[in-house]
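Student: Just a sequence and a predicted model for now, questions to come.
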Amino acid sequence: MKNRNAFAVLLFLTLILSFNILHSQNIDFNNYRSLKSYGNIPEVVRKSLSLSNEELITRQTAADDKNTAKGKKSFLLENDCEIFQLIRNGDVLFGDPVGLYITKVAKELLKNNPQLFSELNFFAIKNPAVNAFSNNNGFVFVDIGLLANLETESELATILAHEIAHYIKKHPMEAHLENMKILNSRNSYGFKSKFQVMDFLGKRSRNSEYEADSIGISLLLASSYNPEAIDRTMNCLHYSSHPFSDNPFDTRFFNDGEFRVPECYFLDSCSKLSPIKDSYDENYSHPNMFKRKVRAANILARSSAVKGSDFLVSETEFNSVREISRFELIHLDVRNEDYGDAIYNAYSLLKKYPGNKYLELCIAESLYGLTKYKDDDKFFYVAKPYEKAEGESQQVHYFLRQLNRKQLNVLSVKYIQKLIKKYPEAVFLDKLETDLVNEMIVKNNIDFERLMETGKEEKNVHPDTTATKQELQKLNEKFWCTAFAEEFVNDTSFIRKCADARNKKKLDGIAALRPPMVKKELEKKAMLDIRKNGLKTEFGKLIILDPYIELDMRKLEKEYQHYENNKMELDQMVITAANGAGLKPDLISLRDISVDTTTDKYNQLCMYRELLGENMTHDMDVFYPVGSEYFCNETSGIKNILCYIGIFNDFSGDNYYFSYIDLSSGETIYRHEETLLNVNTSELKKYFREDFQVLTK
């Protein structure tokens with residue numbers, strides 16, 4: 001009876017999990033939400049999260065001589081810490097539809113080698129790169145950017161076969177041991193210069209890639225997948241820096257009513273994709289794709305390969321996973337400030353999903369980011385040189401480069417206004433419009449009252465057709481001047497925002513002229529004042545995001561052994577200090593996640609990490625975190641506060657960092673930074689106590 005009940009419970013849980021996964025694949029792309037994890041956190045991941053693999057590492061090196069064991073152990077410890085850091089950053093997915101599909105393809109690929117399959121663990125990573133990688137622990141990671149660019153399941157199988165080959169041959173470990181040997185005894189190789197060392201390392205790395213290609217091809221040929229996928233996969237990898245589609249960009253896309261972008265701001269034609277050719281690769285870790293394709297073709301010519309199938313698991317599931325990956329890629333483009341790519345990729349998908357809310361919001365977020373960087377004279381940080389782009393996406397990068405500050409500012413506000421009318425429930429759009437109206441009036445000195453009077457005289461000019469694009473752009477420079485003619489009559493919200501911005505300009509006029517160093521000193525003084533007198537802000541909930549203690553890679557073995565205790569002590573000190581200040585915070589800690597088997601806390605960690613990462617990236621007075629899933633979907637009127645604490649190390653000592661972020665605006669409202677000669681427990685307790693009291697004074 002017990003066995004029957006246990007079986008019934010197991011069957012029920014399996015059905016529930018299957019339903020959740022299938023339901024997650026039936027995605028509403030109009031209201032797309034970023035990928036998250038489902039079910040339970042795998043045991044191998046929980047071990048990595050707690051850095052508790054030392055016993056396994058010791059066993060793996062027990063049979064080696066002293067020097068080899070030392071080299072292997074250092075590599076395995078570093079390897080474990082890299083996985084730990086990857087998961088801690090919140091980009092690895094578990095139990096999600098993408099990762100589960102990857103695992104199914106791997107199982108089909110290795111159906112004749114179940115033992116090898118059992119040694120491996122496959123995961124998707126929220127990374128826009130077109131890449132995959134494996135390590136000696138049996139982890140195989142596939143980036144979302146890669147899945148967004150593939151055309152068939154067999155191409156994914158080809159990628160997995162190559163990464164499994166690296167695992168079989170233990171290439172990362174082999175490279176590490178050889179590097180250690182060179183560093184410890186360079187004379188044993190007879191090298192006379194660092195250039196000879198680099199040449200040797202490069203050749204060995206390229207040989208490893210050739211070997212992985214050969215073994216990967218053998219694995220694919222042993223399966224029922226189509227071997228023609230090998231050449232297509234290499235084409236995909238070669239063009240990995242280009243978007244997943246090549247749709248011509250409609251130059252009228254941003255036109256709205258009387259607002260028209262002149263054709264002179266666009267290219268007459270875009271450059272074609274460069275062909276795959278043999279090129280110099282001696283200074284690279286990977287051989288060029290031309291050579292890899294030739295070698296692969298020779299291997300296939302010598303084999304008795306038969307035509308297989310491009311889809312063995314499911315063509316429908318592949319298409320679903322690829323579509324999810326493409327939507328996710330746009331989110332990652334925004335988060336990583338690749339705004340031009342985000343706009344073009346979103347535009348391409350809009351051809352298939354016209355009027356898609358998610359895609360249109362991503363374009364608005366990208367325009368906001370571009371405008372903020374343009375107005376801060378840091379546009380080159382986020383705008384790709386159009387000359388480096390190939391194919392139809394070049395049009396978008398060229399266009400963005402042609403616009404001056406005022407033109408881009410007005411275009412962004414105009415586009416966001418259109419979406420505010422269309423999606424009034426997207427409350428963050430109102431914040432973006434308010435901020436960009438301030439940029440127009442305070443930073444760009446646009447006088448709308450004058451423009452309304454002279455607008456009719458400033459209409460686009462159409463000279464003779466022999467003029468250059470630059471001449472035409474100069475003549476049409478004020479194409480934007482009547483953009484808000486209707487809004488100044490009918491949009492009371494816009495009129496109010498402009499009036500508020502003019503008042504702000506009068507109040508902040510002197511402050512805006514202050515040099516950066518003066519601003520930093522004033523900010524530091526303001527933070528000291530808050531520490532003394534309190535923040536004086538009402539809030540609903542305090543969330544403490546995984547207090548961070550950095551691993552010192554210079555003494556990794558010792559750090560690895562004591563990490564769990566050090567982390568537990570840090571968490572306890574933080575909670576004790578918060579409770580002592582009368583606060584009852586929600587703590588999201590990796591320690592709890594490594595013990596709790598469900599992914600709920602991990603998903604919260606990922607969401608807040610995303611917000612924190614973007615918050616710390618932009619060095620500006622105001623920048624709404626448009627790449628954060630939390631911020632762009634937050635609709636609650638309750639003001640919650642996110643607290644982040646970190647202990648970092650560098651050659652000058654340990655660095656203490658404490659901050660509060662207002663989750664309703666994404667703004668850092670308090671920051672405390674100190675450099676310590678060493679981590680002193682009593683000193684940390686004192687800092688924690690003072691910083692938490694900021695919220696209760």
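Tutor: Arrived safely.
Student: where's the residue nearest the centre of the chain, which helix or strand?
Tutor: Nearest to the geometric centre of the chain sits L332, at 4.6 Å (C-alpha atoms, centre = their mean). L332 is part of helix 315-335, with elements assigned from DSSP states H and E.
Student: Over to K601?
Tutor: Here K601, judged by DSSP H and E, is contained in helix 600-617.
Student: before we move on, the earlier item: which element follows the helix holding L332 toward the C-terminus?
Tutor: Next helix or strand after helix 315-335 toward the C-terminus (DSSP H and E): helix 339-350.
Student: how distant is that next one from the center of its chain?
Tutor: A distance of 16 Å separates the centroid of the chain from that of helix 339-350, by C-alpha atoms, centre = their mean, to the nearest Å.
Student: Using PDB, list the CA coordinates for it.
Tutor: Written as PDB, here are the backbone C-alpha positions of helix 339-350 (Å, rounded to 0.1, in the frame of the first residue of the first chain):
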ATOM      1  CA  TYR A 339      20.400  49.300 -27.700                       C
ATOM      2  CA  GLY A 340      20.900  49.400 -31.400                       C
ATOM      3  CA  ASP A 341      20.800  45.600 -31.700                       C
ATOM      4  CA  ALA A 342      17.700  45.600 -29.400                       C
ATOM      5  CA  ILE A 343      15.900  48.000 -31.600                       C
ATOM      6  CA  TYR A 344      16.700  46.100 -34.800                       C
ATOM      7  CA  ASN A 345      15.900  42.700 -33.300                       C
ATOM      8  CA  ALA A 346      12.600  44.000 -31.900                       C
ATOM      9  CA  TYR A 347      11.800  45.500 -35.300                       C
ATOM     10  CA  SER A 348      12.500  42.200 -37.000                       C
ATOM     11  CA  LEU A 349      10.200  40.300 -34.700                       C
ATOM     12  CA  LEU A 350       7.500  43.000 -35.200                       C
END
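Student: Report the mean confidence score over it.
Tutor: For helix 339-350, the mean per-residue pLDDT is 98.
Student: about what we covered before: who are the neighbours in contact with the closest residue to the residue nearest to the centre of the chain other than its chain neighbours?
Tutor: Distance criterion C-beta to C-beta, 6 or more residues apart in numbering; nearest residue to L332, sequence neighbours excluded, is P128 at 4.3 Å. For the C-beta atoms, the positions are set from N, CA and C on the backbone; glycine is no exception. Residues in contact with P128 (C-beta atoms under 8 Å, 6 or more residues apart in numbering) are D143, I144, G145, L329, L332, D333, N336, D338.
Student: before we move on, what about I420?
Tutor: Applying C-beta under 8 Å, 6+ apart to I420 gives the contacts A426, L429, D430, E433.
Student: what do you get for F259?
Tutor: Contact analysis of F259 by C-beta under 8 Å, 6+ apart lists V410, L411, K414, W480, T482, A483.
Student: what's the most distant pair in those residues?
Tutor: Largest separation among the contacts of F259 by C-beta to C-beta: L411 and T482, giving 13.3 Å.
Student: didn't L429 look like it was pressed against I416?
Tutor: Yes - taking contacts as C-beta atoms under 8 Å, L429 lies within contact range of I416: 5.7 Å.
Student: what do the two both touch?
Tutor: Joint contacts of L429 and I416 (C-beta under 8 Å, 6+ apart) are A364.
Student: In the stretch 51-200 of the chain, where is pLDDT below threshold?
Tutor: By pLDDT under 70, the weakly predicted segments of the stretch 51-200 of the chain are 175-200.
Student: all helices for it, in order.
Tutor: Ranges of helices in the stretch 51-200 of the chain, per DSSP state H, counting those that start in this stretch, are 54-61, 66-88, 97-109, 114-118, 144-149, 153-169, 171-184, 194-221.
Student: any idea how this structure splits into domains?
Tutor: Following automatic domain parsing, the chain resolves into domains at 2-31+96-245+289-316, 339-383+404-513, 527-693.
Student: Out of these, which is closest to P42?
Tutor: domain 2-31+96-245+289-316 (6.6 Å).
Student: Next up, the contacts around A106.
Tutor: Residues near A106 by C-beta under 8 Å, 6+ apart: F117, L120, F122, V140, A157, L160, I164.
Student: Who wins on neighbours among the residues you listed?
Tutor: Compared across the contacts of A106, A157 has the highest neighbour count, 30 neighbours, by other C-beta atoms under 10 Å.
Student: if we can go back for a sec, what about the helices of the stretch 51-200 of the chain, which gets the closest to E674?
Tutor: Across the helices of the stretch 51-200 of the chain, E674 has its closest neighbour in helix 66-88 (23.1 Å, C-beta to C-beta).
Student: which other residues reach the closest one?
Tutor: Helix 66-88 has contacts (C-beta under 8 Å, 6+ apart) with 45, 48-49, 51, 53, 57-58, 60-62, 64, 92, 125, 135-137, 139, 141, 172-173, 176-177, 180-181, 184, 546, 551, 553, 556-557, 560, 590.
Student: Look at M517 and tell me its secondary structure.
Tutor: Using DSSP: H, G, I helix; E, B strand; the rest coil, the structure places M517 in helix.
Student: okay, now it: neighbour count?
Tutor: M517: 8 surrounding residues under other C-beta under 10 Å.
Student: Q604 too?
Tutor: Neighbours of Q604 (other C-beta under 10 Å): 19.
Student: now swap in K685 and tell me
Tutor: Neighbourhood size, K685 [other C-beta under 10 Å]: 15.
Student: so what's it closest to, chain neighbours aside?
Tutor: Nearest residue to K685 in three dimensions, chain neighbours excluded: M573, at 5.9 Å (C-beta to C-beta, 6+ apart).
Student: pretty sure that neighbour is touching K686, no?
Tutor: No - using C-beta under 8 Å, M573 is not in contact with K686; the gap is 10.6 Å.
Student: Between these two, point out the one with more neighbours.
Tutor: Taking other C-beta under 10 Å, M573 and K686 do not tie; M573 has more neighbours (18 against 12).
Student: and which of the contacts of A106 is nearest to N640?
Tutor: Among the contacts of A106, F122 lies closest to N640 (C-beta to C-beta), at 35.7 Å.
Student: L535 versus that closest one, what's the distance?
Tutor: 46 Å (C-beta to C-beta, to the nearest Å).
Student: R206 now?
Tutor: From R206 to L535 the distance is 56 Å (C-beta to C-beta).
Student: what's the weakest-modelled helix or strand in this protein?
Tutor: Scoring the helices and strands of the chain by mean pLDDT, DSSP states H and E places helix 2-25 at the bottom, with a mean of 38.
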